[in-house]
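Novice: Generate coordinates for the sequence data below:
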Amino acid sequence: MSIAIFPGSFDPITTGHLDIVKRASAVFDKVYVSILDNPGKEGELFSVEERLELIRDAIKDIPNAEASASSGLLVDYCRSIGANVIVRGIRTGADVDYEAMLEAVNTRIAPEISTVYLISKPEHAYISSSLVRQLLKIGIGIDGLVPNADHIILRRN
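Specialist: Numbers count the residues shown, from 1 in each chain. Got it, this is the predicted structure:
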């Protein structure tokens with residue numbers, strides 16, 4: 001069984017993230033959409049539990065996808081759930097250098113775990129959780145940027 005993990009902060013999950021989950025779920029038997037809790041990260045909009053709920057809502061129609069959360073090293077979490085692949089989305093060329101560095105470190109620690117990159121579709125390449133958070137703060141609509149915009153707006157009000 002091929003088990004993949006798609007890690008991120010997902011604060012909040014975007015339509016770009018959801019596209020990567022759908023595409024990964026067509027390739028792997030099981031895909032964990034996993035929040036990597038980073039307690040020191042500033043500017044979080046949603047708690048881990050709120051993000052898990054938003055992810056579960058977004059992936060409810062993808063039978064082999066599951067929301068999860070973890071803290072600590074990603075490769076340790078991969079080992080604990082039996083994942084042998086890390087899925088990463090690439091939006092722009094700027095993401096490549098950062099992702100290559102992460103892959104190098106992960107490979108050094110856990111050579112048995114591979115990283116697979118899925119390039120964002122052009123219509124999702126500009127969408128990021130940071131952009132969504134900024135738009136929410138200034139009151140600009142987020143329809144089309146997140147799979148559950150109404151749910152997100154209600155949670156923030």
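
Novice: contacts and neighbour counts: CA atoms only from here.
Specialist: Fine.

Novice: Which elements pack onto the longest helix along the chain?
Specialist: The single longest helix within the chain, with elements called by DSSP state H, is helix 93-109. Helix 93-109 sits against no helix or strand, with contacts defined as 3 or more C-alpha pairs under 8 Å, 6 or more residues apart in numbering; DSSP states H and E.

Novice: Show me what it is in contact with.
Specialist: With contact meaning C-alpha atoms under 8 Å, 6 or more residues apart in numbering, helix 93-109 is reached by 75, 88, 90, 113-115.

Novice: what mean pLDDT does whichever helix or strand comes after it have?
Specialist: Next in sequence after helix 93-109, counting helices and strands by DSSP states H and E, comes strand 114-119. Per-region confidence: strand 114-119 scores 97 on mean pLDDT.

Novice: Please apply the same query to stretch 46-60.
Specialist: Stretch 46-60 carries an average pLDDT of 94.

Novice: got it, and stretch 26-39?
Specialist: Per-residue pLDDT over stretch 26-39 has a mean of 91.

Novice: List of residues touching that stretch?
Specialist: By C-alpha under 8 Å, 6+ apart, the residues outside stretch 26-39 that reach it are 1-10, 21, 24-25, 48, 51-52, 55, 64-72, 74.

Novice: Mind listing what's buried along that stretch?
Specialist: For stretch 26-39, the buried set under the neighbour-count rule, 16 or more other C-alpha atoms under 10 Å, comprises 28, 30-37.

Novice: Stretch 112-125 too?
Specialist: Applying a neighbour-count criterion of 16+ other C-alpha under 10 Å, one finds 113, 115, 118, 120, 124 buried in stretch 112-125.

Novice: contacts for that stretch?
Specialist: With contact meaning C-alpha under 8 Å, 6+ apart, stretch 112-125 is reached by 15-16, 19-20, 75, 78, 83-92, 103, 106-107.

Novice: Thanks a lot, catch you later.
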